[in-house]
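S.K.: just coords:
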């Protein structure tokens, strides 16, 4: 099962206008990169993936709809998933996207 194309369009609109963007299809989902650093994406379960960094990881996990990002049963510190109910509106989606970009814009370009 691939990611939802309508949701991908909403995500693309939420990141539009930022310099240094690229995207890749990865693991059945979609990932958007800022200056070569994975920033946000969608899973094949229509969850939003955010890169938030290790310093803010625990705080963001306390937010409603956020949960640890896990692959192969292990949490990836610095990355979170957001359940679909947490970004039903464009404003909610943009808020999550801004969290991810506020972290990844501090990373060196790859």
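M.R.: Structure's in. What do you need? Just so it is clear, the model here is predicted, and its values are computed rather than measured. Numbers count the residues shown, from 1 in each chain.
S.K.: residues of the lengthiest strand in the chain that come out buried?
M.R.: Ranked by residue count, the top strand of the chain under DSSP state E comes out as strand 74-82. By 16 or more other CB atoms under 10 Å, the buried positions in strand 74-82 come out as 78-82. To be clear about C-beta, it is placed using only N, CA and C from the backbone, and glycine gets the same treatment.
S.K.: which one among these gets closest to residue 103?
M.R.: residue 78 (8.2 Å; CB to CB).
S.K.: leaving aside the residues next to it on the chain, what's closest to the closest one?
M.R.: residue 54 (4.6 Å; CB to CB, 6 or more residues apart in numbering).
S.K.: how far does stretch 53-62 stretch from start to finish?
M.R.: For stretch 53-62, the first-to-last residue distance is 15 Å (CA to CA, to the nearest Å).
S.K.: ignore the last one, stretch 48-55
M.R.: Stretch 48-55: ends 20 Å apart by CA to CA.
S.K.: what is the rounded mean pLDDT of it?
M.R.: With pLDDT averaged residue by residue, stretch 48-55 scores 96.
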